[in-house]
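1. No letters, just coordinates:
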């Protein structure tokens, strides 16, 4: 079997050597482990491969013709993983999430890391982002979950699955829903007609058009007896029974009797309640804090809420005190201490403070709320910006304007977009066909039907060469060019796909026409934890040929992972 030494060498845990002449080597005998205490070493020209058990050795022999060949550096003891670089192109849009991105190739999905390494092969029909360390993937019409090494954590047995949230994920089977945990354990069997995400450690479930709740241990803490349920918030859930709304606590106790026409969820200890078409606010004890007399009550913002009565508006605080009397036109939410208010008779807008004083008169056609100390306002068809004293800080010269974000605002003129700062200085001239808000330090912009990126100084840092471009996520943007989808970093360097043996040492079969880059002097075969190094590609081929000539084993796949990798890379 072995050309140079003409022997098979076995070594046991004590280091004792057993040498067997190649001509008398009985493959079946050693596959069946009839010599106890010895582990296998295959040797050629001083290169060895050591197997920890006979099963691994057998599988190695069966898959050897489909093993990965690539560049390695160092000696046998300081092994460096081989790498091949291919062009990374995907067939679908996805962003990096938790360090990995789902890539579609030849109608199959796999996962690539931020170095371009293929971590999980293209073997799934559908794949979604990782959440809490797990990703939901579909295979042969069934859903399961894998971890970041590709290990199946939740088996492929579900008709539907949803992302993990708070350690649990919704799953369904045969039109019934349940929950699994991140260990793959069934927490709640698929027995409910519908299940919802967990909130505050409690999940809403439905059966026979009635709703109830289960906890994270799978216990049904509230039986399915309510007509409608809202998710728990601040320890209470508002529920509907017999056409009336009330609230229950985490034990299922009805702490507020089902007596209202409507009752919204609690926020900051308060909930809006409706009775006979009028609205008020109650606390967690069921006490009426704000009388149920208003036609409308907004959410609280900056400790104040807008109220409407007989088509007139006012403002109340959380104690129910009227801080701005009913009598004004429509009032917006307070932002940075001021709220815009509309005068129907003048058909114009101004601003009031929290005492109801009109601090900026009714002179503007349209306005926005204040953000970063400035508000965008329109007058005579042109937009500018004012400060809280009503002073114009950016002149009315723009056809449109958008709120400030990180001290920059997008403005429009003659159908083109640009950027200004808070002093009205032009950071980027109005020449772009499209300009997105900054996500971090870069924003995508479109010029003459091509997309690129600018920084906050208005400088073009990624040229206009892409047919489409998306926000940077975890250091990469997905771009479209020549009908191909790629990933680029902030230096406009394309992320190449590097096919390697992953941490589990699973095999990737690389197409023969792939280019091996940066070739050194060593080549390797790898199977699970067992490796063999060669000084040349020819030496490696000689080794394989010797195995083929000496050992008559049909090289079909007994290792399913190797099968999948080989199929995925064809």
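-> Sure, I can see it. Everything numeric here is computed off the predicted structure, so don't read it as measured data. Numbering: from 1, shown residues only.
2. quick one, strands of the stretch 401-550 of the chain?
-> Here the stretch 401-550 of the chain has its strands, by DSSP state E, counting those that start in this stretch, at 408-413, 416-421, 426-432, 434-435, 442-447, 450-455, 460-466, 468-469, 477-481, 484-488, 497-499, 522-527, 530-534.
3. among those strands, which is nearest residue 224?
-> Proximity to residue 224 (C-beta to C-beta) singles out strand 477-481 among those, at 43.2 Å. All C-beta spots, glycine's among them, are computed from the backbone N, C-alpha and C.
4. Distance from that closest one to the middle of the chain?
-> 18 Å (C-alpha atoms, centre = their mean, to the nearest Å).
5. Equivalent analysis for stretch 325-342, please.
-> So, by C-alpha atoms, centre = their mean, the centroid of stretch 325-342 is 38 Å from its chain's centroid.
6. So what touches it?
-> 298, 301-302, 304, 306-307, 309-310, 312-315, 324, 343-344, 348-354, 356, 358-360, 367-371, 373, 375, 388 (C-beta atoms under 8 Å, 6 or more residues apart in numbering).
7. When you filter those down to buried only, what's left?
-> 298, 304, 306-307, 313-315, 324, 348-352, 354, 356, 360, 367-370, 375, 388 (16 or more other C-beta atoms under 10 Å).
8. related to what we said a few turns ago, ranking the strands of the stretch 401-550 of the chain by burial, who's on top?
-> strand 522-527 (a mean of 24; mean count of other C-beta atoms under 10 Å).
9. still on that earlier bit, could I get the strands of the stretch 401-550 of the chain as TSV with distance to residue 160 and mean pLDDT?
-> Formatted as TSV, these follow (distance: least, C-beta to C-beta, whole Å; pLDDT from 0 to 100):
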stretch	distance to residue 160	mean pLDDT
strand 408-413	40	94
strand 416-421	41	94
strand 426-432	42	95
strand 434-435	36	90
strand 442-447	34	93
strand 450-455	35	95
strand 460-466	35	95
strand 468-469	31	88
strand 477-481	26	86
strand 484-488	27	84
strand 497-499	30	52
strand 522-527	36	39
strand 530-534	40	44
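10. which one of those strands lies closest to residue 107?
-> Closest approach to residue 107 among these (C-beta to C-beta): strand 484-488, 14.4 Å.
11. just checking, what packs against that closest one?
-> Strand 484-488 sits against strand 477-481, with contacts defined as 3 or more C-beta pairs under 8 Å, 6 or more residues apart in numbering; DSSP states H and E.
12. Tell me which residues are up against stretch 393-410.
-> 368, 371-372, 374, 376, 378-380, 382-387, 411-415, 417-424, 427, 430, 435, 437-438, 456.
13. any chance you could map the strands in the stretch 51-200 of the chain?
-> Along the stretch 51-200 of the chain, the stretches classed as strands by DSSP E, counting those that start in this stretch are 71-72, 84-86, 100-105, 108-113, 118-124, 126-131, 134-139, 142-146, 152-158, 160-161, 168-173, 176-181, 186-192, 194-199.
14. so can I have a markdown table of those showing mean pLDDT and distance to residue 232?
-> Putting these into a markdown table (pLDDT from 0 to 100; distance: least, C-beta to C-beta, whole Å) gives the following:
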| stretch | mean pLDDT | distance to residue 232 |
| --- | --- | --- |
| strand 71-72 | 26 | 55 |
| strand 84-86 | 38 | 49 |
| strand 100-105 | 87 | 32 |
| strand 108-113 | 88 | 34 |
| strand 118-124 | 86 | 34 |
| strand 126-131 | 94 | 21 |
| strand 134-139 | 96 | 24 |
| strand 142-146 | 96 | 25 |
| strand 152-158 | 95 | 25 |
| strand 160-161 | 95 | 23 |
| strand 168-173 | 95 | 14 |
| strand 176-181 | 95 | 16 |
| strand 186-192 | 94 | 16 |
| strand 194-199 | 91 | 5 |
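15. Those: which one's closest to residue 496?
-> strand 84-86 (4.9 Å).
16. hmm, back to that, now distance to residue 219 too, for the strands of the stretch 401-550 of the chain, in TSV please.
-> TSV is the format used below for the strands of the stretch 401-550 of the chain (distance: least, C-beta to C-beta, whole Å):
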stretch	distance to residue 219
strand 408-413	52
strand 416-421	55
strand 426-432	57
strand 434-435	52
strand 442-447	49
strand 450-455	51
strand 460-466	53
strand 468-469	49
strand 477-481	43
strand 484-488	45
strand 497-499	47
strand 522-527	46
strand 530-534	47
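17. right, and those strands - which one's nearest residue 122?
-> With C-beta to C-beta, the closest approach to residue 122 among those belongs to strand 497-499: 10.4 Å.
18. my read: residue 164 touches residue 182, true?
-> Yes - Residue 164 lies in contact with residue 182 (C-beta atoms under 8 Å); the separation is 6.2 Å.
19. re the thing from before, closest one to residue 126 among the strands of the stretch 401-550 of the chain?
-> strand 484-488 (16.9 Å).
20. so how far is that closest one from its chain's centroid?
-> Using C-alpha atoms, centre = their mean, the offset of strand 484-488 from its chain centre is 18 Å.
21. relative to strand 108-113, how tilted is that strand?
-> 20 degrees (axes from the mean of the first three to the mean of the last three C-alpha atoms, to 10 degrees).
22. Report the inter-axis angle for strand 484-488 versus strand 450-455.
-> Using the same axes, to 10 degrees: strand 484-488 against strand 450-455 is 10 degrees.
23. Including mean neighbour count and distance to residue 269, could the strands of the stretch 51-200 of the chain go into JSON lines?
-> Compiled in JSON lines, those are given as follows (neighbours: other C-beta atoms under 10 Å; distance: least, C-beta to C-beta, whole Å):
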{"stretch": "strand 71-72", "mean neighbour count": "20", "distance to residue 269": "64"}
{"stretch": "strand 84-86", "mean neighbour count": "18", "distance to residue 269": "58"}
{"stretch": "strand 100-105", "mean neighbour count": "22", "distance to residue 269": "41"}
{"stretch": "strand 108-113", "mean neighbour count": "23", "distance to residue 269": "44"}
{"stretch": "strand 118-124", "mean neighbour count": "23", "distance to residue 269": "46"}
{"stretch": "strand 126-131", "mean neighbour count": "19", "distance to residue 269": "31"}
{"stretch": "strand 134-139", "mean neighbour count": "22", "distance to residue 269": "35"}
{"stretch": "strand 142-146", "mean neighbour count": "22", "distance to residue 269": "38"}
{"stretch": "strand 152-158", "mean neighbour count": "17", "distance to residue 269": "38"}
{"stretch": "strand 160-161", "mean neighbour count": "19", "distance to residue 269": "36"}
{"stretch": "strand 168-173", "mean neighbour count": "23", "distance to residue 269": "28"}
{"stretch": "strand 176-181", "mean neighbour count": "22", "distance to residue 269": "30"}
{"stretch": "strand 186-192", "mean neighbour count": "19", "distance to residue 269": "31"}
{"stretch": "strand 194-199", "mean neighbour count": "18", "distance to residue 269": "17"}
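24. ok, what's across the strand from the nearest residue to residue 166 once chain neighbours are set aside?
-> The spatial neighbour of residue 166 that comes closest, neighbours along the chain excluded (C-beta to C-beta, 6 or more residues apart in numbering), is residue 198 at 5.0 Å. On the basis of DSSP bridges, residue 198 is bridged to residue 203.
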